[in-house]
Structures are given as structure tokens and as C-alpha cells.
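[1] take a look and give me a structure for this.
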Amino acid sequence: GVDATDANEMGITDALEFLADKQQLADSRRSNRLRIEHDIKPFDERLAERMLQKDDDDLDSQITAIIDNLRERLDALNQTIQDWRERGIIFNEKGKIRSEDLLDWEANLPEIEKAVSIHIRALERWSEFKTLWPDRCTDFELAGSLEHTEEFLDLVDSLDHEWRELELRSMEIVGSWEDEGFAMDYWRQRIAEEPRSALDWLNSETQRYTKANELVQKLLMLDASLGGEDDIIQRVAILREYEIDDPLLEEMDEWINTNAIRSARHRMMLETSWM
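    I've put the predicted structure just below:
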């Protein structure tokens, strides 16, 4: 594409100098053409065709800028996808995104980013469920697959709904015992951490709480007029504020029975003395 016909009208020395300049121009054009074909055309054929038709003096710098820009965009896209893969997102493409696919990916990137963001939030919740409820998390093929995002969201939402239902049922039980004066803060923490096992555990403790409540009523009915009021208050606090176990209930029951008998005997002796 370089016109060197003027050399035919020159002397040999001038012609050689003239041809040397034209050779440099031809080499530059050949180099630019090869760079366009090799480094730009795989990304964008139409852009490559426009660059091949240009005859600007600064074409070399333009080509360099375009190549650098395309490579940076491809590297950034591949890094983004790698980051998503590390967070659990699965793509059909197993390796890196190719040069020829860059523009298509960039065109769809806003929609992909939105889907990935939604899916990653669901994956974070799914990870918690896998740890806490492994028996309920068997559909592993849905996790991370953008093609199955809707199905995966439905699955995670159903687990979330079950979680909230269990929390509500547990809190209703906790509230009923709080109304009886029992401290239930540690139960609230257990429910927040994992409501299913907390509810099972809480239900298994119902009998103990019922017994503890009966003991509290018995303690409050003990005659404290002859002394021992502080002991009664302390024992009521222990039953209401500490975790309950069978040895504690047995010890409280024995203490109540012993003190009830002692109080009755003492009062009988006072009545007899008074009579």
C-alpha cells in the first residue's frame, strides 16, 4: 500500500534514500496490520477493519492504546469471574473468557452482575443451612448454578420460612415462661442461633419448667413468719434465673418438704405453748 513509483524518476542515490524511507513506512504499516489482525480482530472485527483502513500518522500509538484497553478489559472480566467462582458461582465456561467473547460478555454484564449478586446472597444463607441443617440441604446441584437461580432462591426462601416459623413457635413458648417469671435470655440466644434444635430442646424441658413453677409456688406459700424469708427468695431466684436440671429440682423439693414439716411442727409447738 506504499506508493514508491517516484523513485523511477530519481538518480540512484536519491532513489535509494527515498526507497529507504518508503521501506520504513512499509515496515510500519505491515507491523500495524499484523498487530491489528492478531491483537484487535479477535476482540472486534469491525473495529479491526476500521483500523486497517486508517492512514493516520499516529496510528501506531492508537493501535497500542486500543490493544492495551482490550486486554485490560478482558483481564478485569476474567478476574471478576474468578472471584465469583471462588464465592461459589458456577459458569458453563470452564476456563478463562476468550478474546472473541469479551464484547458479548460486556453487553450482558449488568444482567449477569445482578443475577450473581442475588445468587451470592442466597449462597451465603445456604452455607449456614448446610452447616446447621445438613439433612435439609441435599439439592447441591442448584447451589451456584446461575441457570437455576430461581429454583435455588425458592429452596433457600422455603428454608428461611421454616426458620422463621420455628423461631416464632419457640418465642411463643419462651414468652409464656417469661410471663411466669423465668429468665429466658439464654433460650432466646439459642433460638437465634438455630431454632429447630432449640425448639426440640425447649419442648423436652417443658416438664422441668412445669415442675420448677410448681416448686416456686410452693416456696412462695411457705410460712416465712418464723424466719427463712431470705432463703425462700434466693431459691425462687435460682429456679427462675438458672438452667434447671433434675438434681436441682430434687434438692428444691426436699428442702421445701423439710421446711414445710419444720414450720408446721414449730407452729404446733408455739400453739401448744400458747394454749
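[2] and the gap between Ile244 and Asp21?
    As judged by C-beta to C-beta, to the nearest Å, Ile244 and Asp21 stand 100 Å apart. Heads up, the C-betas are built off the backbone N, CA and C, glycines and all.
[3] for Leu146, grab the count of nearby residues.
    Other residues near Leu146 number 16, with proximity taken as other C-beta atoms under 10 Å.
[4] so which helix or strand takes in the residue nearest to it when sequence neighbours are not counted?
    Closest residue in space to Leu146, ignoring its immediate chain neighbours: Ala115 at 5.5 Å, by C-beta to C-beta, 6 or more residues apart in numbering. According to DSSP states H and E, Ala115 maps onto helix 102-132.
[5] so, low pLDDT: which residues of the protein?
    Scanning the chain for pLDDT under 70 picks out 1-2, 57, 224-228, 263-266.
[6] can you map out the helices along it?
    For the chain, the helices defined by DSSP state H cover 12-35, 45-53, 59-86, 102-132, 149-179, 185-193, 195-204, 206-221, 229-241, 246-274.
[7] circling back to that earlier point, which neighbouring elements make contact with the helix holding Ala115?
    Here helix 102-132 touches helix 59-86, helix 149-179, going by 3 or more C-beta pairs under 8 Å, 6 or more residues apart in numbering; DSSP states H and E.
[8] relative to helix 185-193, how tilted is it?
    Taking axes from the mean of the first three to the mean of the last three C-alpha atoms, to 10 degrees, one finds that helix 102-132 is oriented at 140 degrees with respect to helix 185-193.
[9] quick one: buried residues of helix 102-132?
    Neighbour-count burial for helix 102-132 flags Leu102, Trp105, Ile112, Ala115, Val116, His119, Ala122, Leu123, Trp126, Phe129, Leu132 (criterion: 16 or more other C-beta atoms under 10 Å).
[10] closest to Ala48 among those residues?
    Comparing the buried residues of helix 102-132 against Ala48 with C-beta to C-beta places Leu102 closest, at 13.4 Å.
[11] how close does that closest one sit to Arg73?
    Distance, Leu102 to Arg73, using C-beta to C-beta: 6 Å.
[12] ok so, going back, quick check: the two most widely separated of the buried residues of helix 102-132?
    Among these, Leu102 and Leu132 lie farthest apart (C-beta to C-beta), at 41.2 Å.
[13] thought Ile244 was touching Gln207?
    No - using C-beta atoms under 8 Å, Ile244 makes no contact with Gln207, being 10.0 Å away.
[14] who's more crowded, those two?
    Neighbours were counted for Ile244 and for Gln207 using other C-beta under 10 Å; Ile244 has more, 18 against 11.
[15] OK, contacts around the more buried one?
    Glu205, Arg208, Tyr209, Ala212 (C-beta atoms under 8 Å, 6 or more residues apart in numbering).
[16] sorry, back to before: would you format the helices and strands packed on helix 102-132 as a markdown table with mean neighbour count and distance to Gly11 included?
    Shown next, in a markdown table, are the helices and strands packed on helix 102-132 (neighbours: other C-beta atoms under 10 Å; distance: least, C-beta to C-beta, whole Å):
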| stretch | mean neighbour count | distance to Gly11 |
| --- | --- | --- |
| helix 59-86 | 14 | 32 |
| helix 149-179 | 15 | 76 |
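[17] show me how far stretch 133-142 is from its chain's centre.
    Distance, stretch centre to chain centre, for stretch 133-142: 16 Å (C-alpha atoms, centre = their mean, to the nearest Å).
[18] do the same with stretch 186-206
    How far stretch 186-206 lies from its chain's middle: 24 Å, per C-alpha atoms, centre = their mean.
[19] do the same with stretch 194-207
    That offset, for stretch 194-207, works out to 27 Å (C-alpha atoms, centre = their mean).
[20] contacts for that stretch, please.
    Looking at what lies outside stretch 194-207 - C-beta under 8 Å, 6+ apart - the contacts are 132-133, 162-163, 166-167, 169-170, 173-174, 187, 190-191, 244.
[21] how does it look with 10 Å?
    Stretch 194-207 is contacted from outside by 128, 131-133, 136, 162-171, 173-174, 177, 184, 187-192, 209, 212, 243-246, 249, using C-beta atoms under 10 Å, 6 or more residues apart in numbering.
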